[in-house]
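K.L.:
task: produce atomic coordinates for the following.
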Amino acid sequence: MTKQQKKYLNLGIKLSIIGLATWFIVSKVNNQQNLGEFKMLLQSIDSWTVRVTLAVVVLMMLMNWAIEIVKWKYLSRRIELISWGKAIKSVFCGLTWAIFTPNRIGEYGGRILLLKPRSRARGAIAMGVGLFAQLVLTSVFGSLSVAWFVSTYLPTPDSVKFGVWLLAAIYAVAFVVFYFNVHWVDYLVGKFAFLRKIKPFFSILENFTMRELWHVLLLSLLRFVIFTSQYIVLMLVFLPGLPFVSMVLMIFILFFVQSAVPSLDIFDFSVRSFVASNLYSYITTQEIAVMAIVSCIWFVNLILPAIMGSIFVLNVNYVGGNKS
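P.N.:
Purely as a prediction, here's the structure:
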């Protein structure tokens, strides 16, 4: 391809991604009845309180993704030293790709495309470590919260309750053990003949020390705390009187179910709304308020960053002279 042809192809790909993301966002936001219900919910609260609350939630969103940028820069440093500017671009570009791809798989492509071609495969593996750290926390807190929910709200025999707690504990411990032995993946890949060609890319997993894995896990924990706090702030303001411990543990279950169900980010609000409305029916009758809060979080944490990321999509060179 000539330089001019590559230029036009790059432009076409960029416009296609932005156009697709825009269409998904506009169509879903326009059809999102819960956002309209959230507006009605706002009218019942003092306007100053509403402004401060929403500002805090948006600020938490920025903090959340700022920590993810720090984590990505830390994870990628063994592969390629990237600037803070490139780290910001790659994270937000990945968010735009994620909203219209199953289970956020596009986030990998959107993020690693800002790395040099020779670094992209290993960059995807390093990114996977960061996502796995996030999944470990969701799985540990979520599984134990499910056991608590079954024991507290469902009429089950003591033997069943014990079995549920035992399974939850085994499940949680298994995730923790596997995370701190992530190099096992490299070993397992080598056991399959059809995967041996890509095994060199997984060798990076051998280089992660216990200290580095703890560092990544702590950054992930900060994100987890911030994300949970967004729900807590909104619920304390719009649903005062909820039992605090039950409210928080049900948020953990919501995260857990959300991570287990395959979906597109853009459709994710329907999964969250359904799960949240059923969970919180045990402690409140304000089902519409719960669904409205979930929709607000969905909009702030996924739609706003995706819009921001569409700007960075224009800075990515999708068709270059080097092979990846």
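
K.L.:
is it fair to say residue 89 lies in a helix?
P.N.:
Yes: membership of residue 89 in a helix is supported by DSSP: H, G, I helix; E, B strand; the rest coil.

K.L.:
how about the nearest residue to it, chain neighbours excluded?
P.N.:
Leaving aside its chain neighbours, residue 89 sits nearest to residue 312 (4.3 Å; criterion: Cβ to Cβ, 6 or more residues apart in numbering). Placement of C-beta: from N, CA and C, glycine included.

K.L.:
before we move on, what about residue 105?
P.N.:
Distances taken as Cβ to Cβ, 6+ apart place residue 98 nearest to residue 105, at 7.8 Å, with adjacent residues excluded.

K.L.:
show me where the protein has its helices.
P.N.:
Here the chain has its helices, by DSSP state H, at 3-30, 33-43, 47-76, 84-98, 106-112, 120-153, 158-179, 184-190, 199-202, 210-238, 244-260, 268-280, 287-298, 304-313.

K.L.:
rebuild those as CSV, extending it with mean pLDDT and mean neighbour count.
P.N.:
What follows is the helices of the chain, written out as CSV (pLDDT from 0 to 100; neighbours: other Cβ atoms under 10 Å):
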stretch, mean pLDDT, mean neighbour count
helix 3-30, 60, 14
helix 33-43, 61, 16
helix 47-76, 92, 17
helix 84-98, 85, 23
helix 106-112, 76, 23
helix 120-153, 93, 20
helix 158-179, 95, 14
helix 184-190, 78, 14
helix 199-202, 77, 16
helix 210-238, 95, 18
helix 244-260, 90, 18
helix 268-280, 73, 20
helix 287-298, 82, 22
helix 304-313, 79, 20
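
K.L.:
isn't the residue nearest to residue 105 right up against residue 111?
P.N.:
No: between residue 98 and residue 111 no contact is recorded; they are 9.2 Å apart, counting by Cβ atoms under 8 Å.

K.L.:
joint contacts of the two?
P.N.:
In terms of Cβ atoms under 8 Å, 6 or more residues apart in numbering, residue 98 and residue 111 are not both contacted by any residue.

K.L.:
before we move on, the earlier item: residues touching the residue nearest to residue 89, list them.
P.N.:
Neighbour list for residue 312: 88-90, 92-93, 96 [criterion: Cβ under 8 Å, 6+ apart].
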